[in-house]
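Student: sharing a model that was predicted from the sequence below.
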Amino acid sequence: MSTAIKFENISKQYRLGLVSTQTLSHDLNRWWQTNIRGQEDPYLKIGDVNDRATKGTSDYIWALKDINFEVQQGDVLGIIGKNGAGKSTLLKILSKVTAPTTGKISARGRIASLLEVGTGFHPEMTGRENIYMNGAIMGMTKAEINRKFDEIVDFSGVERYIDTPVKRYSSGMTVRLGFAIAAHLDPEILVVDEVLAVGDAEFQKKAIGKMQDVSKGEGRTVLFVSHNMSAIQALCSKTIVIQNGSTVFNGNVNEGIEFYLKSNLFVRNSIKSGIKYLNSEFIIQEITIDNKEDNVLFLDQNQHSFIVQIKGVLKSSKKLAIELRLFDSKEQVVALFSPGQLQGELKEYKPGKFEITETINLPLNLTKGEFYFDIDLIHPNLEGYMNIPKHVKLVSKGIVGANGVELNYSDCGLIML
């Protein structure tokens, strides 16, 4: 199998807040060193790593640093990493939206990119006109585009608006048409960033199916960036993990997903740090799990329940209940602990201090892996008061199943993000 894409020592440097250096002395120095003396750019020797969570000591930042890997023809490569890790910058360099500071990329064939909503579209032109414009940019003849036109429109599902200017499309419609164009104009390499998350569930399913057809049926190469681990697992044949602008993993998909999830270290802090208030009528004073405010709760093989307690102050009378959702590491809901399923009664709390407690019994059929909780304080079917989104990470040491057989889980505990 031949190599479709080869990244060799790719690095990208930016000066924060500026285009070029915007400093005459810097620009003259760069020009003198590189053009007259034939030496490397002196500003390549400075700069901080790409860590968005730290302030840094330099105005220069390495969005990418020494990226090296190859993608074989027909591979579907999943690129995963935190927000700001450098994934989109990598794809922009491949798509020639921007140039690398150092290194080079070798790619065989036409590249079709869908990097963000509206990429490659002229808002004043109709959907029909944008299809022909994108095809022409990719080097296709009008006859070739004509053969694909009906298929593109049918796949996108925007036939009624195909002669309407794209500026009047919703973001979902724009993504539908953009993906349909990118996938159907016979590119040798298809590059798709996180934009599929904008589409609805039906379109996401169609898009993933099309990418599978493009790679397996037609032998084309796909680079796919997503935070949806289920999509990465279903679609990709290999994966790389990017962290702070560098590749830290390159290999098997399942191993890459596990590496990525485990590399997201969690800081110990107060459970209250994740609160999002949805109503101004009360203040949360304390949240505990098993009477601990600490963000870590370890579960042994004999414990498969825990107590959530919320204390605060109400400004007016409210009916309150606790609701939790349990997600797996691929962000799929695996259990719902709603007021109707829990033991606690819905009661009305008077103005002043309140305290609400709920016992959560974990499912006995959890598979090995990591799980996350949303914690909500609500009036069922009426109003939400407080939300802690996916703020709880659960990895059990081993829960005894209904038949008395101990389930084999990995070591860890209940960790608050």
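Tutor: Thanks, I have the structure now.

Student: poorly predicted segments of the stretch 151-300 of the chain, please.
Tutor: For the stretch 151-300 of the chain, applying pLDDT under 70 flags the ranges 195, 197-199, 261-269, 294-300.

Student: any chance you could map the helices in it?
Tutor: Assigned by DSSP state H, counting those that start in this stretch, the stretch 151-300 of the chain shows helices spanning 171-184, 201-212, 229-235, 253-263.

Student: which of those helices sits most buried?
Tutor: Of the helices of the stretch 151-300 of the chain, the one with the most neighbours on average (mean count of other Cβ atoms under 10 Å) is helix 171-184, at a mean of 24. (Glycine included, C-beta is placed from N, CA and C.)

Student: need the residues that contact that helix.
Tutor: Residues outside helix 171-184 that contact it (Cβ atoms under 8 Å, 6 or more residues apart in numbering): 112-114, 117-121, 127, 130-131, 134-135, 148, 151-153, 155-158, 161, 166, 169, 190, 192, 195-196, 198-200, 203, 207, 210-211, 214.

Student: return the subset of the residues you listed lying in strands.
Tutor: Among the contacts of helix 171-184, DSSP state E puts 112-114, 190, 192 in strands.

Student: skipping its backbone neighbours, what lies nearest the residue nearest in space to the middle of the chain in space?
Tutor: Nearest to the geometric centre of the chain sits residue 227, at 2.5 Å (Cα atoms, centre = their mean). Of all residues not flanking residue 227 in the chain, residue 194 sits nearest, at 6.5 Å (Cβ to Cβ, 6 or more residues apart in numbering).

Student: pretty sure that neighbour contacts residue 231?
Tutor: No - assessed by Cβ atoms under 8 Å, residue 194 is found out of contact with residue 231, at 10.2 Å.

Student: tally up the residues packed near the residue nearest to residue 227, please.
Tutor: Neighbourhood size, residue 194 [other Cβ atoms under 10 Å]: 17.

Student: may I see the helices of the stretch 151-300 of the chain organised as CSV, with distance to residue 273 added?
Tutor: Shown next, in CSV, are the helices of the stretch 151-300 of the chain (distance: least, Cβ to Cβ, whole Å):
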stretch, distance to residue 273
helix 171-184, 31
helix 201-212, 32
helix 229-235, 25
helix 253-263, 21
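
Student: residue 12: which of these is closest?
Tutor: Closest of the helices of the stretch 151-300 of the chain to residue 12 is helix 253-263, at 21.5 Å (criterion: Cβ to Cβ).

Student: can you list the neighbours in contact with that closest one?
Tutor: 78, 80-81, 229, 232-233, 236-241, 243, 248-250, 329, 370.

Student: do the same with stretch 152-161
Tutor: The contact list for stretch 152-161 (Cβ under 8 Å, 6+ apart) reads 127, 131, 162, 168-169, 173, 176-177, 179-181, 183-185, 203, 206, 210.
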